[in-house]
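Trainee: After the sequence you'll find the predicted model.
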Amino acid sequence: MRRFSTLLLIAIVLGGLFRLTNLSGKVYWHDETYTALYATGHGNAEAAELVFDAQLKTAGDIMQMQTAVADRGIGETARQLAENDAQHPPLYYVMTRLVLYVLPNTVVASRLVAALAGLLLIPATYWLAQELFDQSLPATLSAAIVAVSPFQYLYAQEAREYSLWALTSIVASAALLRALKSNRLSGWLLYSLSIVIGLYGCILTALVIASHGLYVLWYTLVRQAETRQTETKQIDARVSHRRWPIFRNFALSSLVSLLLFFPWGRLITQTHTAKVSWTAIAMPFPSLAKIWAGNLTRLFFDLNLDNTDPLIYSAIPVLLSLALIGYALVWSIRNMPRPAFVFITLLGGVTLLTFVGPDLLIGGRRSSVSRYLIPTYLSLQLIVAYCLSQQLARPGSRTLGKAATTTLLVAGIISCTFSISADTWWHKKNSHHNPEVARIISQAPGSLLISSDNNANLGELFSLGHRLAPDQALLIFTEPNLPAIPQTADTLFLFNVSKQSREKLEQSYEVTPAFAEGRLWKMEPKS
């Protein structure tokens, strides 16, 4: 087992290094640019007024909205976020602003916060697994699997609050288990603090609190009844009489946390708009199921195959991953200690039902958004880790367990290694092609890029701005009012405008695709 322990250690160390390597490598995509916008103390209206004024400007001009300035500090960060996007609590953005005092590079600074949270997730996972299983092998293996998970790695380099959410969810869960065991004031204060931090990091922490509440109910009701039926375990019977005080302490800790979050929670109810209404758009079930399978596979193996390879090729890791998860679930139902299994099932199940349930009942694509299901994916990784650790501990299954675990860890290491040097990946969504768009534009010296406010284009223009030269000429207008186009540019590019505007321009220009997948056209005056 010594060599195998070395493999686990190598996986954990590599996982930490992956998170801190090449932070500025992948495209700074649409959503991330809003992190930079608010963290630097700017707002939507101010940015739109600067960008969409139909005046000639440069990429450097619009990137002012992505750059920290001395007179816009933490207070302005919180204010802009409260006014423009209160559904995202301020902790991640404030932490980013603090880093920007030291590191002026917005991309690195904003992703460094995520990377550090992702790095801390590794020991936090070890702590939670230790509290759950009280064994070092499943705890170490859980940490190793999370460390080299390509999914966890990707969100540890994403300038959004989701790796912070993963960290606070795991820490709060471990703190709850510790508090339940000791029922001391210090334990409940730690739990309450972790919940407050979690809520100010991500509003979806409310789902984690709900899962904790259900577990405490099970712990104080079902577990208590089971203990009383066990007449031979007098110590457990004495412990059972202390479980109502435990429920009271949990309720008080949760109430205090919610009261401390109330000021920002009130802002959410007052200013929140339907910015996630797109998740309710219907999606055919086969397409939804395919996304589910792909997201589950990315917990362990991800070479971005769904964007570049035939389905028959990518089906192999999908089937293997689903088989592993399915086997681990069935095995854990039968063999995992019941308190641990109930806790893990509730931690992942509440989030899963919250997003999958409405999709199945009323339609939508909420459950296709992988970042919303982070507690579910962490729960599955804990289940797989425990199952494999028990196979490793049994002489009859040790060889198979070593083979499966080694394959899993090597697959994660390979996935992260491939991803490190890539300039885009599947989770970059509508900004996926922006690196290539920027390359095409940059290869045409003296070019002019024409664009508009079409289809939430502000984030896309900022994303391009991080890749374009500061002196790249821009002409960005508000639709449907076409601007006067100067004839001094050597090359005219058209990016992500509406079909109506493109058709109007075609009356005077030959408009041909320069990179259709990236929504980029080339314009030449008609003779």
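Mentor: Received it, and whenever you're ready, just let me know what you need.

Trainee: From here on, just use CA atoms for contacts and neighbour counts.
Mentor: Will do.

Trainee: Need the contact partners of stretch 337-349.
Mentor: Contact with stretch 337-349 is made by 132-133, 208, 211-212, 214-215, 332-333, 373, 375-380, 382-383, as judged by CA atoms under 8 Å, 6 or more residues apart in numbering.

Trainee: Just the buried ones out of these, please.
Mentor: Among those, the ones that count as buried by 16 or more other CA atoms under 10 Å are 132-133, 208, 211-212, 214-215, 332, 373, 375-380, 382-383.

Trainee: Out of the residues you listed, list just those in helices.
Mentor: Among the buried ones among the contacts of stretch 337-349, the ones falling in helices (DSSP state H) are 132-133, 208, 211-212, 214-215, 332, 375-380, 382-383.

Trainee: State the pair within the residues you listed that is farthest apart.
Mentor: Spatial extent of these (CA to CA) is set by the pair 208 and 332 at 21.5 Å.

Trainee: so where's the protein shaky on pLDDT?
Mentor: Within the chain, the stretches with pLDDT under 70 are 1, 223-243, 271-276, 306-314.

Trainee: same thing but at 80, please
Mentor: 1-3, 222-244, 271-280, 305-314, 527 (pLDDT under 80).

Trainee: Strands of that one, start to end?
Mentor: 56-58, 447-452, 473-477, 491-495, 509-515, 520-525 (DSSP state E).

Trainee: what's the closest of these to residue 394?
Mentor: strand 509-515 (56.2 Å).

Trainee: can I get the CA coordinates of that closest one in PDB?
Mentor: Taking Å, rounded to 0.1, in the frame of the first residue of the first chain, the C-alpha atoms of strand 509-515 are listed here in PDB:
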ATOM      1  CA  TYR A 509     -21.500  46.100 -48.300                       C
ATOM      2  CA  GLU A 510     -20.600  42.600 -49.200                       C
ATOM      3  CA  VAL A 511     -21.000  40.700 -45.900                       C
ATOM      4  CA  THR A 512     -19.300  37.300 -45.800                       C
ATOM      5  CA  PRO A 513     -18.600  35.000 -42.900                       C
ATOM      6  CA  ALA A 514     -15.100  35.400 -41.500                       C
ATOM      7  CA  PHE A 515     -15.800  32.900 -38.700                       C
END
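
Trainee: what's the angle from it to strand 491-495?
Mentor: 70 degrees (axes from the mean of the first three to the mean of the last three CA atoms, to 10 degrees).

Trainee: for strand 509-515, packing partners?
Mentor: Strand 509-515 sits against strand 520-525, with contacts defined as 3 or more CA pairs under 8 Å, 6 or more residues apart in numbering; DSSP states H and E.

Trainee: Tell me the gap between the strand it packs on and the middle of its chain.
Mentor: A distance of 37 Å separates the centroid of the chain from that of strand 520-525, by CA atoms, centre = their mean, to the nearest Å.

Trainee: which residues touch it?
Mentor: Counting by CA under 8 Å, 6+ apart, 437, 491-496, 508-515 sit against strand 520-525.

Trainee: Pull the most distant pair out of those.
Mentor: 437 and 508 (23.8 Å).

Trainee: and residue 445, how many neighbours?
Mentor: By the criterion of other CA atoms under 10 Å, residue 445 has 11 neighbours.

Trainee: show me the contacts for it.
Mentor: 490, 491.

Trainee: List the contacts of residue 486.
Mentor: Contacts of residue 486 (CA under 8 Å, 6+ apart): none.

Trainee: one more time with 10 Å
Mentor: The contact partners of residue 486, by CA atoms under 10 Å, 6 or more residues apart in numbering, come to 56, 448, 475, 492.

Trainee: of residue 437 and residue 508, who's got more company?
Mentor: Neighbours were counted for residue 437 and for residue 508 using other CA under 10 Å; residue 437 has more, 23 against 13.

Trainee: which stretches of the stretch 351-500 of the chain form helices?
Mentor: 374-393, 398-420, 434-442, 457-465, 499-505 (DSSP state H, counting those that start in this stretch).

Trainee: would you list those in TSV and tack on distance to residue 51?
Mentor: Shown next, in TSV, are the helices of the stretch 351-500 of the chain (distance: least, CA to CA, whole Å):
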stretch	distance to residue 51
helix 374-393	35
helix 398-420	32
helix 434-442	18
helix 457-465	8
helix 499-505	18
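
Trainee: In contact with residue 293, which residues are there?
Mentor: 315, 318, 319, 321, 322, 368.

Trainee: wait, isn't the third one in contact with residue 297?
Mentor: Yes. At 8.3 Å, residue 319 and residue 297 qualify as touching, with contact defined as CA atoms under 10 Å.

Trainee: what about the nearest residue to residue 171 once chain neighbours are set aside, distance to residue 299?
Mentor: Nearest non-adjacent residue to residue 171, counting by CA to CA, 6 or more residues apart in numbering: residue 124, 6.0 Å away. Distance, residue 124 to residue 299, using CA to CA, to the nearest Å: 18 Å.

Trainee: Also residue 305?
Mentor: 14 Å.

Trainee: out of those two, which sits in the more crowded spot?
Mentor: Using other CA under 10 Å as the criterion, residue 305 and residue 299 rank with residue 299 on top: 22 against 17.

Trainee: distance between stretch 99-106 and the chain's centre?
Mentor: 22 Å.

Trainee: Make 2 the first number, not 1, from now on.
Mentor: From this message on, residue numbering opens at 2, which makes the last subject stretch 100-107.

Trainee: can you pull the buried residues of that stretch?
Mentor: Buried-residue list, stretch 100-107, by 16+ other CA under 10 Å: 100, 101, 107.

Trainee: Let me see the contact set for the second one.
Mentor: If you count contacts by CA under 10 Å, 6+ apart, residue 101 has them with 40, 41, 68, 69, 70, 74, 95, 107, 108, 109, 110, 111.

Trainee: from those residues, which would you call buried?
Mentor: Buried, going by 16+ other CA under 10 Å: 40, 41, 68, 69, 74, 95, 107, 108, 109, 110, 111, out of the contacts of residue 101.
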